[in-house]
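K.L.:
Quick one, what's the 3D model for this:
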Amino acid sequence: MKIYENIKKKCKEKGVSIAKLERAVKLSVGSISHWRVSDPKLNNVKAVADYLQCTIDELL
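P.N.:
Reported below is the predicted structural model:
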């Protein structure tokens with residue numbers, strides 16, 4: 001799914017790894033990677049967007 005690529009891009013811009021992002025928003029290791037094949041919960045997407053200081057729309 002495109003959300004994973006968008007998160008990966010935002011992480012690179014912010015200089016943070018996906019693993020660090022997952023820890024910061026209290027997601028299990030590999031959760032965001034799994035979003036390539038499954039739909040994430042909205043509250044998790046919101047937490048990621050807040051951490052990356054962007055909107056949910058930017059991630060979707």
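
K.L.:
Quick check, pLDDT for Met1.
P.N.:
Note on Met1: pLDDT of 70.

K.L.:
Three-state assignment for the closest residue to it other than its chain neighbours, please.
P.N.:
Leaving out its chain neighbours, the residue that sits closest to Met1 by Cβ to Cβ, 6 or more residues apart in numbering is Arg36, at 5.5 Å. C-betas here are computed from N, CA, C, even on glycine. Put simply, Arg36 is coil when judged by DSSP: H, G, I helix; E, B strand; the rest coil.

K.L.:
Would you map the helices across the chain?
P.N.:
Counting by DSSP state H, the chain has helices at residues 2-14, 18-24, 31-34, 42-52, 56-59.

K.L.:
so can I have TSV of the ones you listed showing mean neighbour count?
P.N.:
Shown next, in TSV, are the helices of the chain (neighbours: other Cβ atoms under 10 Å):
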stretch	mean neighbour count
helix 2-14	15
helix 18-24	16
helix 31-34	17
helix 42-52	16
helix 56-59	14
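
K.L.:
hang on, the earlier thing: pretty sure Ile7 is one of the things the residue nearest to Met1 touches, is it not?
P.N.:
No: if you go by Cβ atoms under 8 Å, Arg36 and Ile7 don't touch, sitting 10.2 Å apart.
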